[in-house]
Each structure stands twice: as structure tokens, then as C-alpha cells.
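**Student:** The amino acid sequence is not available; the structure is as follows:
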């Protein structure tokens, strides 16, 4: 077999180009990092009181915040106590659920909280929910 030489078959290259994969991973990482900042958080700092047997409520239509200083906010708008009845009535007229959630700071005067509850009932709210934090939530932090 001196004159005939056998040619070896050329194997196809089996290198995997990792550059597009790495680019995609970095793009996904950047996307998740940037989109994580757009998670909606409540805009008012309220230290909710703790309760042993609190239940989770579904998405509420109308929320009243009362901060430590006694300022009242209806959803995102600051409202004076005198105008609260009218504001709640107009909000409940278009709401599917007539539930009003009250998120009051644990240091708020009880008289103010009760006055807000009376105003909400006067504005024809079907039910009132006083928002609390479970003791388990406190342990997680």
C-alpha cells in the first residue's frame, strides 16, 4: 500500500460558541434587576398594630391611611377629616366592592380611628376592615 494513502474523514468542529449565551444571560440579569425596582409599595409609612389572629384580605378597593401625626390619606390623596365623607362616597359609587380598609398607625389616637370608622359607615361602606400585622410577620423581619 505504498502508492495509495487513505484520507481521514474530517470531523465537523464541535466547538460551541458561548458568546451569545453569555450575552443572553447578562441581558436577562439586567432585565430582572431593573424590573424588580418597579414593584409597587405602599407610599405611606404606617406601623400597623399586631394581632394574633389576623386574616389576609383580597385586593381592596378603598384604603384609608392614618399616620402617626394624624394625617388622613384616601388611597394616595391627603384628605381633611371634614371632606372624608364626600370623598369616600364618590369613591364607593364607582367601586365594585364597598369595603373600606383602614390602615392606621398603632400610635394613632383611638378617637380619631373611631371617628374615621364612623365616617366610612356614614358614607355607606358595606364593611370595614382594620388592617393589622400578624405576629408571624413580625418574626420574619
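**Tutor:** Nice, I can see it. On a predicted model such as this, the values are computed, not experimentally measured, just so you know. Numbering: from 1, shown residues only.

**Student:** now the helices for the chain?
**Tutor:** Per DSSP state H, the chain has helices spanning 19-35, 84-94, 110-122, 135-140. These are given in chain order.

**Student:** For those, which has the smallest mean pLDDT value?
**Tutor:** Comparing mean pLDDT across the helices of the chain, the lowest value falls on helix 135-140: a mean of 56.

**Student:** hang on, the earlier thing: turn the helices of the chain into TSV, including mean neighbour count.
**Tutor:** Just so you know, the C-beta spots here come from the backbone N, C-alpha and C atoms, and that holds for glycine as well. Formatted as TSV, the helices of the chain follow (neighbours: other Cβ atoms under 10 Å):
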stretch	mean neighbour count
helix 19-35	10
helix 84-94	15
helix 110-122	15
helix 135-140	10
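
**Student:** start to end distance for stretch 13-21?
**Tutor:** 18 Å (Cα to Cα, to the nearest Å).

**Student:** picking that back up, and the helices of the chain: which comes nearest residue 70?
**Tutor:** Closest approach to residue 70 among the helices of the chain (Cβ to Cβ): helix 110-122, 5.8 Å.

**Student:** Cool, thanks, signing off.
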